[in-house]
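Trainee: When you get a sec, could you give me coordinates for this:
(chains A and B)
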Amino acid sequence: MKIIKIFLVLFLIISFSTLKSDEKNDELKIKILKNIRCLICQGQSVYDSESEFALSIKLVIDKKIKNGESEDQIYEFLREKYGDWILYNPKLHKNTYILWLLPLLLFLLGGAIIYRNLIIKKN
Amino acid sequence: MKNKFSIFVIIIFLSFCFVIFYEGLNTPKTYTPKVNGKKNIQTFKVKDFDSNNYINSDKIFEDNIFYIVNIWASWCVPCRVEHPLLMELSKNQSIKIIGLNYKDNLSNAKNFINKFGNPYSKILIDSDGTLSIEFGAYGVPETFIIDKKKKIIKNYVGPINQEIVDEIKLIIK
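Mentor: Numbering: from 1, shown residues only, chains lettered A, B, ... in the order given. Down below sits the predicted model:
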C-alpha cells in the first residue's frame, strides 16, 4: 500500500512538471510566432496566419523548441534563411544601426534644441 | 548669422525627410525575397518517394556535380507550367534534378509524374513542409541551385521560365 502511495505521488509530481514545461514551451512558441512576419501574407505575423508557409514555420519552431533550442538560436536560424525582414524586432547589427539609432539621435537633437532655447530665454 | 544657420539646419532636415518619404513612396510595398547569396544545406533525413524509405541528405547530394532542387506538388498549377522546362533541363548530363514533393497526396503526385514525365533523378517527400523551410523556401514552386561545394547559390521563387533555364545553363557550364 505504501509503495502504491509513493508511486502515486511520484506520478503526480512528474505529470505536473511535464505540464509546467509544456506550458512554458507554449508561451515561448507564441512569443516567437508573434515576432515572425509571414512573408507571403499582407501585414500578418506567422501566429495570425494560416497560410501554408506559416503552418510549416509553426511546425519547424515547435520541433526546435522541443529539441531545446533557445529563442535566440531560433531567430538566428530564421534570419539566416530569410533575412532580417522575417523578424518584427530585429537585433542591433550593422544593417539595423539606422533603424535603432535614428530615433534616439532625433530625440537627443530635439532635447538639445529645447534645452538651448530654455537657456536663451532665461538669459 | 545665427538666423541663417537655423534656416540652413531646417532646410537640411526637411530635405532629409523629403528624401526618406519620397524613397518610401517609390519602393514596392510587396516583399521581394533575396534570392542570391550562398547558404549551406542542412543535413537531413527524408522519405524517398519511390522506395518510401528514409535516406540521408549526404546520400542524395553525393556526386561532385551541380544539383537543382525543385519544390513541386500535383495541386500546384504553376508547377505544370514549368514542368516541360524541367524536362528539358533533365537532359543535361552535368546536373541532377531533385524533386521535393510538397504537402501532396502521394497517388496524385504519382499520377502527375506519369502524365507529364519525370525530370527528377530522385524525389523526396516533404509532407508537412518543414524540409522546405530548412531550404529557406517561400512556397511552391521554387527552385534552388546547389553548387559542387553543396551550397545553395541561387533560388528562384515561382515557376521557372526559358530565361531562367538559360541562366541555369550558364551557371552550370
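Trainee: Grab the nearest non-local neighbour of residue 63.
Mentor: Going with chain A. Once flanking residues are discounted, residue A:63 sits nearest to residue B:130: 7.0 Å by C-beta to C-beta, 6 or more residues apart in numbering or on different chains. Bear in mind the C-beta positions are built from the backbone N, C-alpha and C, glycine included.
Trainee: Actually, chain B is the one I wanted.
Mentor: residue B:96 (6.7 Å).
Trainee: Now do the contacts for the one you found.
Mentor: B:63, B:65, B:66, B:67, B:68, B:121, B:122 (C-beta atoms under 8 Å, 6 or more residues apart in numbering or on different chains).
Trainee: Look at the most centrally placed residue in chain A and give its secondary structure.
Mentor: Centroid check for chain A by C-alpha atoms, centre = their mean gives residue A:32 as the closest residue, at 3.9 Å. Three-state call for residue A:32 (DSSP: H, G, I helix; E, B strand; the rest coil): helix.
Trainee: okay, it: pLDDT?
Mentor: In this prediction, residue A:32 carries a pLDDT score of 94.
Trainee: Residue A:1 now?
Mentor: Per-residue confidence (pLDDT) for residue A:1: 72.
Trainee: How about the one 10 residues further on?
Mentor: What the model reports for residue A:11 is a pLDDT of 74.
Trainee: For chain A, give me its nearest residue in chain B.
Mentor: residue B:129 (3.2 Å; C-beta to the nearest C-beta).
Trainee: Show the backbone phi and psi for that residue.
Mentor: phi 80, psi 0 (degrees, to the nearest 10).
Trainee: same question, residue A:67
Mentor: phi -80, psi 0.
Trainee: Would you quantify the distance from it to chain B?
Mentor: 12 Å (C-beta to the nearest C-beta, to the nearest Å).
Trainee: and if you look at residue A:105?
Mentor: Distance from residue A:105 to chain B, by C-beta to the nearest C-beta: 12 Å.
Trainee: Give the residue spans of chain B that score low on pLDDT.
Mentor: B:1-2, B:28-37 (pLDDT under 70).
Trainee: Kindly report the residues of it close to chain A.
Mentor: B:31, B:33-34, B:39, B:103, B:128-130, B:132-136, B:138-140 (C-beta under 8 Å from any C-beta of the partner chain).
Trainee: What residue in chain A comes nearest to chain B?
Mentor: residue A:56 (3.2 Å).
Trainee: neighbours around that residue, how many?
Mentor: 23 (other C-beta atoms under 10 Å in any protein chain shown).
Trainee: So what's the predicted local confidence for it?
Mentor: At residue A:56, the pLDDT value in this model is 95.
Trainee: Equivalent analysis for residue A:75, please.
Mentor: 93.
Trainee: what ranges do the helices span in the chain?
Mentor: The chain I'm using is chain A. All helices of chain A, identified by DSSP state H, fall at A:2-34, A:52-66, A:71-82, A:97-122.
Trainee: look at chain B instead
Mentor: Counting by DSSP H, the helices of chain B are B:2-26, B:57-60, B:77-89, B:106-116, B:130-135, B:162-172.
Trainee: Which positions in the shortest one come out as buried?
Mentor: Yep, that's helix B:57-60 we're talking about. Neighbour-count burial for helix B:57-60 flags B:57, B:60 (criterion: 16 or more other C-beta atoms under 10 Å in any protein chain shown).
Trainee: got the CA coordinates for that helix in CSV?
Mentor: The C-alpha trace of helix B:57-60 is given here as CSV (Å, rounded to 0.1, in the frame of the first residue of the first chain):
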residue,chain,number,x,y,z
SER,B,57,20.9,14.1,-47.4
ASP,B,58,24.6,13.0,-47.8
LYS,B,59,23.4,10.2,-50.0
ILE,B,60,21.3,12.5,-52.1
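Trainee: Residue B:88 touches residue B:165, doesn't it?
Mentor: Yes: using C-beta atoms under 8 Å, residue B:88 makes contact with residue B:165 at a distance of 6.6 Å.
Trainee: Which of the two has more residues huddled nearby?
Mentor: residue B:165 (17 against 13).
Trainee: Fine, thanks again, bye for now.
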